[in-house]
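Have a look at this fold, sequence not included:
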Ligand SMILES: Nc1nc2c(ncn2[C@@H]2O[C@H](COP(=O)(O)OP(=O)(O)OP(=O)(O)O)[C@@H](O)[C@H]2O)c(=O)[nH]1
Ligand SMILES: [Mg+2]
């Protein structure tokens, strides 16, 4: 199957795990810390402004669900870190995601967005370990690479690969985790990201 990235529509936004649609077909989750660029990447992938983005952390505060004409669903998760609107929101993205990963059979892959400058925060590592334990396929996107020099980008890639190798030794897992760098400003590697999402659905 080749994913059609040229047809996407907003379906609904949810706050509760019971509001998820039936667990059939193919689903992808776009997750990561607040403000790393999840919604921006979704908009670029589908070449359409379907998800709200903002400089203010916590812009996405519900799980927004999109679907293409092949019935493939993409879930844009709220970031699980610092949230400017936290006091107003009783929703905990991190807890939701943990539950979601455990129950969701149609979840074909995780698109894990990371700010390349900060790499993995403690909370990212906890989620990564959970995903590895559940044998979920992961595509890691090191976003905002425009903020670093090429030398630093290489260093960051080296560091995250080392972290993953250590996790591999610790948890003895065999799933492949692909790592790509990206910049929503430069839009490099967009085709490569699409290729790798296709890889997730077909494996
Ligand atoms: N310099 C730079 N800025 C980026 C990049 N990607 C996203 N941004 C900016 O980062 C901010 C946050 O982007 P969003 O897409 O809203 O981030 P998000 O992860 O969806 O944020 P939450 O939904 O609040 O968790 C916006 O101001 C974007 O324009 C990038 O690659 N480079
Ligand atoms: Mg967002």
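On my side now, so go ahead. Quick caveat, the model's predicted, so the values are computed rather than measured. Ligands and ions are numbered 1, 2, ... in the order given.

any idea of the mean pLDDT for the longest strand seen in the chain?
Ordering each strand of the chain by length in residues (DSSP state E) puts strand 107-115 first. Computed over strand 107-115, the mean pLDDT rounds to 97.

tell me which residues in the very next helix or strand once past that strand are buried?
The first helix or strand that comes after strand 107-115 along the chain, using DSSP states H and E, is helix 122-133. By neighbour count, with 16 or more other C-beta atoms under 10 Å as the criterion, the buried positions of helix 122-133 are 124, 127, 128, 131, 132. Backbone N, C-alpha and C define where each C-beta goes, glycine included.

And the longest strand of the chain, what does it pack against?
Applying 3 or more C-beta pairs under 8 Å, 6 or more residues apart in numbering; DSSP states H and E, one finds that strand 107-115 contacts strand 27-32, helix 38-45, helix 122-133, strand 138-143, helix 190-201.

let's go with 6 Å and repeat that
strand 27-32, strand 138-143, helix 190-201 (3 or more C-beta pairs under 6 Å, 6 or more residues apart in numbering; DSSP states H and E).

Which helix or strand contains the closest residue to ligand 1 within the chain?
Closest approach between the chain and ligand 1, counting by C-beta to the nearest ligand atom: residue 79, at 2.6 Å. Using DSSP H and E, residue 79 maps to neither a helix nor a strand.

and if you look at residue 183?
When elements are assigned from DSSP H and E, residue 183 belongs to no helix and no strand.

For the spatially closest residue to it that is not a sequence neighbour, which three-state class applies?
Distance criterion C-beta to C-beta, 6 or more residues apart in numbering; nearest residue to residue 183, sequence neighbours excluded, is residue 146 at 4.1 Å. Local secondary structure at residue 146 is given as helix here, using DSSP: H, G, I helix; E, B strand; the rest coil.

Settle this for me: residue 146 is touching residue 184, isn't it.
No. With contacts defined as C-beta atoms under 6 Å, residue 146 does not count as touching residue 184, sitting 8.1 Å away.

out of the two, which sits in the busier spot?
Neighbours were tallied for residue 146 and for residue 184 using other C-beta atoms under 10 Å; the higher tally belongs to residue 184 (19 against 13).

Once you drop chain neighbours, what's closest to the more buried one?
residue 40 (4.6 Å).

State the distance from the one you found to residue 144.
Residue 40 sits at a distance of 10 Å from residue 144 (criterion: C-beta to C-beta, to the nearest Å).

Look at the residue nearest to residue 183 and report its pLDDT.
As predicted, residue 146 sits at a pLDDT of 98.

ok, now residue 84?
In the prediction, the pLDDT value recorded for residue 84 is 61.

again with the one 3 residues further on
Residue 87 is assigned a pLDDT of 52 by the prediction.

Likewise for residue 59?
On the pLDDT scale, residue 59 gets 74.

now residue 91
Per-residue confidence for residue 91 comes out at a pLDDT of 58.

from here on, count from 38
Let's use 38 as the start, then, which means that last one is residue 128.

does ligand 1 sit close to the helix ranked longest in the chain?
As far as residue count goes, and with DSSP state H defining each element, the longest helix of the chain is helix 187-208. No. Taking C-beta under 6 Å from any ligand atom as the criterion, helix 187-208 and ligand 1 are apart, separated by no less than 12.2 Å.
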